[in-house]
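>>> make a model of this:
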Amino acid sequence: MKRFGKRKISPLLLLILVITMLIPSQAFAIASVDEEKNAVHYAAFGDSLAAGVLSDNTIGLSYADYIAQDLQRVDLLGSYEKPYAVPGATSQNMLDALMDRDMQIKIASKDMITITIGANDFLQVLSKNPERLQNPEEVQKIITELSENYVSIMSIIRNVNPSAEIYLMGYYNGFYAFPEAQQRPLVEIMQTVNSIIKQIASDSNSHYVPTYDAISTDPLTYLPNPKNVHPSPAGYMAIADEFWEQVKLNLPTNVTRIAGVNRYETAVKISQEGWKEHAQGVVIARGDDFPDALAGSPLAYDLDSPILLTHSNALDPIVKEEIERLNPEFAILLGGEKALSKDVEDELDHMGIPVERIAGDNRYETAAKIAGTLPHADKAVIANGTKFPDALSIASYAAENTYPILLAKQDEIPEDTAEVLKRYPESIAVGGTAVLSESLVGKLPKAKRYGGEDRYETASIIAMELNPSHKAFVSTGLEFADALTGSVLAAKKDNSFLLVDPNKMQDAVLDAKENLEIYHFTILGGPKAVSPTIEKQLIGVK
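Numbers count the residues shown, from 1 in each chain. Sure, this is the predicted structure:
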């Protein structure tokens with residue numbers, strides 16, 4: 001049989017494709033992206049692989065369904081449908097379907113489209129009239145028709161939707177169990193089909209997704225029925241993974257902001273976001289100084305309670321209003337009467353809210369007492385008690401795992417901290433040697449250090465190594481308030497947490513974004529806390 005190499009589409013067909021793509025369609029000016037959020041509206045088109053036919057000929061989840069799950073996982077799925085996913089469909093069948101105006105309207109509304117079509121142009125011939133595939137002229141005729149149909153398919157799609165991200169799937173070898181002599185010509189045909197699809201993807205400003213090598217790594221698992229070319233669920237997942245490697249490079253990044261006019265109102269806004277109707281309790285800390293509040297996040301998370309900030313001598317009116325809205329069963333004050341005066345306690349009493357105060361003679365004892373209220377865990381977190389950034393970098397992770405945050409000095413473990421540490425077989429040291437010395441870390445129980453050159457790198461390392469997520473909260477690294485109150489919500493939503501310089505993007509933050517494939521950032525605080533410049537750089541706009 002004649003060997004088919006890579007075949008290019010004829011210049012005439014390419015000219016037709018280019019011309020149709022340059023003609024704007026006035027009939028389909030449909031907005032495809034949510035105004036408030038860059039949600040992805042996704043449609044899958046194609047044959048049995050888009051439909052989800054399994055190796056036993058039942059219908060299950062297709063590669064497209066797994067892609068939709070991936071989009072949902074990163075909180076970017078706006079909508080998903082399979083307007084045309086028909087087992088046995090040929091390129092001509094799909095072209096006929098796309099002639100329908102309602103189908104074109106659907107296409108116009110999508111941000112992302114995947115297509116699997118073309119294999120059945122040959123497989124139907126193989127099942128009904130296999131001798132045709134022994135004739136090079138007949139094979140060439142099928143290839144030409146497939147090329148023309150695929151060009152027309154892409155012309156229609158690009159005419160009604162010039163901007164969608166489109167992914168065209170290349171086929172795998174479904175004939176691995178055939179004898180070599182029978183398998184070779186079929187594989188050559190499939191590779192020729194793939195070369196056509198790849199060329200069309202390039203010429204239509206789309207993406208070609210190869211699956212041949214991925215499936216060939218484990219055909220017995222991915223194609224368990226040697227008499228059936230359809231994949232197993234594992235095979236569909238492997239195909240979806242190949243798509244995802246390209247899809248993730250073109251996904252939008254969403255940024256939302258939780259902010260008030262000051263730190264007190266920002267804390268209230270965070271509370272309203274995380275506790276929309278009621279909270280079991282409230283944890284209250286002084287808003288203009290950090291020592292007593294540093295260890296509060298694990299406690300607040302364990303009690304499913306927001307952290308609110310107030311003035312030292314009185315409840316801020318907006319905080320009082322938020323407490324009334326939450327209708328909590330109790331309030332916990334962090335720190336002694338120098339941090340939060342008796343007047344604050346009395347106001348809460350007058351509101352009918354039972355008050356408990358957790359306070360020590362200093363920040364170290366306060367942190368130790370907070371640790372005593374938490375369920376027992378196998379690890380404790382150690383951070384510098386004279387500087388807030390590192391403690392807050394790990395606050396959401398510690399909260400989610402109910403690890404207590406204990407405080408130390410650079411070269412000294414205070415007595416209260418040392419006493420509590422006796423209960424924990426392992427520990428996490430937060431920050432570099434400038435905040436916790438090597439000698440101090442050596443005295444901690446089975447300690448592992450997570451620290452960078454500065455607060456931003458330390459937060460990024462913690463996010464990447466301890467608390468990975470496709471979503472992250474972002475706070476200024478120069479003030480404690482927003483990071484403190486936001487840490488509990490970040491833990492509640494299972495998000496990573498990053499610190500930024502208000503006006504200068506740090507390489508460590510961008511490294512974390514890329515490494516974690518973060519697609520949604522929640523900024524805490526107003527433009528003075530995190531500037532619009534930083535917001536644009538998080539999105540990827542220069």
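>>> and the strands in the stretch 1-150 of the chain?
40-46, 77-85, 112-116 (DSSP state E, counting those that start in this stretch).
>>> domain parsing for the protein?
If you go by automatic domain parsing, the domain ranges for the chain are 40-250, 254-539.
>>> mean pLDDT lowest for which of the ones you listed?
Of all the domains of the chain, mean pLDDT reaches its minimum on domain 40-250 (a mean of 92).
>>> most packed of the domains of the chain?
Sort the domains of the chain by mean neighbour count, taking mean count of other Cβ atoms under 10 Å, and domain 254-539 sits at the top with a mean of 20. Where C-beta positions appear, they are placed from N, C-alpha and C, glycine not excepted.
>>> using CSV, lay out the strands of the stretch 1-150 of the chain together with distance to Leu309.
Below are the strands of the stretch 1-150 of the chain laid out as CSV (distance: least, Cβ to Cβ, whole Å):
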stretch, distance to Leu309
strand 40-46, 37
strand 77-85, 35
strand 112-116, 42
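>>> nearest to Leu538, of the ones you listed?
Between Leu538 and the strands of the stretch 1-150 of the chain, the tightest spacing by Cβ to Cβ is seen for strand 40-46, at 18.2 Å.
>>> neighbouring contacts of the closest one?
Identification of contacts with strand 40-46 by Cβ atoms under 8 Å, 6 or more residues apart in numbering yields 32-33, 50, 62, 64, 67-68, 71, 76-86, 89, 94, 106-107, 109-117, 169, 251-252.
>>> same question for stretch 363-370.
Contacts of stretch 363-370 (Cβ under 8 Å, 6+ apart): 291-292, 294-296, 298-299, 334-335, 358-360, 385, 404-408, 414-417, 419-420.
>>> chain center to that stretch: distance?
Offset of stretch 363-370 from its chain centre (Cα atoms, centre = their mean, to the nearest Å): 35 Å.
>>> next one: stretch 428-441
Worked out by Cα atoms, centre = their mean, stretch 428-441 lies 31 Å from the chain centre.
>>> first to last residue in that stretch, what's the distance?
The first residue of stretch 428-441 is 9 Å away from its last residue (Cα to Cα, to the nearest Å).
>>> run through who's touching it.
Applying Cβ under 8 Å, 6+ apart, the contact partners of stretch 428-441 are 379-384, 387, 390-391, 393-394, 403, 408, 410-413, 444, 447-453, 458, 462, 466.
>>> how about the closest residue to Asn173 other than its chain neighbours, secondary structure?
Nearest residue to Asn173, sequence neighbours excluded (Cβ to Cβ, 6 or more residues apart in numbering): Val187, at 5.5 Å. Val187 falls in the helix class when you classify it by DSSP: H, G, I helix; E, B strand; the rest coil.
>>> test my guess that Val187 contacts Phe175.
Yes. Look at Val187 against Phe175 with Cβ atoms under 8 Å: they come within range, at 6.6 Å.
>>> just name whatever secondary elements the strand or helix carrying Ser487 is in contact with.
Ser487 is part of helix 481-492, with elements assigned from DSSP states H and E. Counting contacts by 3 or more Cβ pairs under 8 Å, 6 or more residues apart in numbering; DSSP states H and E, helix 481-492 packs against helix 263-274, helix 296-302, strand 307-310, helix 389-393, helix 395-400, strand 471-476, strand 496-500, strand 520-524.
>>> good, wrapping up.
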